[in-house]
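1. build me a model:
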Amino acid sequence: MSINIGKKLTAQLIQELGRKAAAVPRKRINHNFHESLDNPVQRLIVVMQKGTYIRPHRHTGDNKREFAVAVQGHMQVILLNDDGALRERVNLAPGGRIFQKIVFRLRPAYAKGFGRARQDYGGQVG
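-> You can find the predicted model right below:
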């Protein structure tokens with residue numbers, strides 16, 4: 001009997017995804033570790049290149065959770081209240097803070113490579 005131990009996140013996979021992300025206009029790419037969108041736990045990695053921004057968003061349903069981990073490079077997590085007001089900016093980078101749990105009911109956005117990432121944020125929730 002063989003046991004499926006799941007997909008693996010390796011340095012080689014991150015490099016491959018980085019090349020793919022650099023080649024697309026949005027400068028980021030998702031790689032799913034879950035088998036289907038129907039899975040109760042959605043596991044994925046988003047590889048972001050310099051100059052990309054993930055707009056504020058919110059997952060519907062009480063069972064959706066999100067967290068951010070900086071594996072390479074640095075990024076900023078922008079946390080917004082339900083009304084779109086800025087609550088906190090969190091800088092993530094290896095060698096410093098690398099993990100941020102996104103508290104339910106906050107709307108996260110992500111920025112990479114904007115210097116002091118997205119300091120111009122003006123409360124526009126998309």
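
2. so what's residue 110 closest to, chain neighbours aside?
-> Nearest residue to residue 110, sequence neighbours excluded (Cβ to Cβ, 6 or more residues apart in numbering): residue 54, at 4.2 Å. C-beta coordinates here come from the backbone N, C-alpha and C atoms, glycine included.

3. identify the residues contacting the one you found.
-> 28, 46, 48, 108, 109, 110, 111 (Cβ atoms under 8 Å, 6 or more residues apart in numbering).

4. between these, which is closest to residue 7?
-> If you rank the contacts of residue 54 by distance to residue 7 using Cβ to Cβ, residue 46 comes first, at 15.1 Å.

5. and the contacts of residue 54, which two are furthest apart?
-> Maximum pairwise distance among those (Cβ to Cβ): 14.4 Å, between 28 and 108.

6. quick one: mean pLDDT for stretch 84-96?
-> Per-residue pLDDT over stretch 84-96 has a mean of 91.

7. quick one: end-to-end length of that stretch, please.
-> In terms of Cα to Cα, to the nearest Å, the two terminal residues of stretch 84-96 are separated by 27 Å.

8. stretch 52-72 now?
-> OK, stretch 52-72 end separation, Cα to Cα: 15 Å.

9. give the buried residues for that stretch.
-> 52, 53, 54, 56, 66, 68, 70 (16 or more other Cβ atoms under 10 Å).

10. can I get those in CSV with distance to residue 100 and secondary structure?
-> Output for the buried residues of stretch 52-72, formatted as CSV (distance: Cβ to Cβ, whole Å; DSSP: H, G, I helix; E, B strand; the rest coil):
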residue, distance to residue 100, secondary structure
52, 17, strand
53, 16, strand
54, 14, strand
56, 15, coil
66, 9, strand
68, 5, strand
70, 9, coil
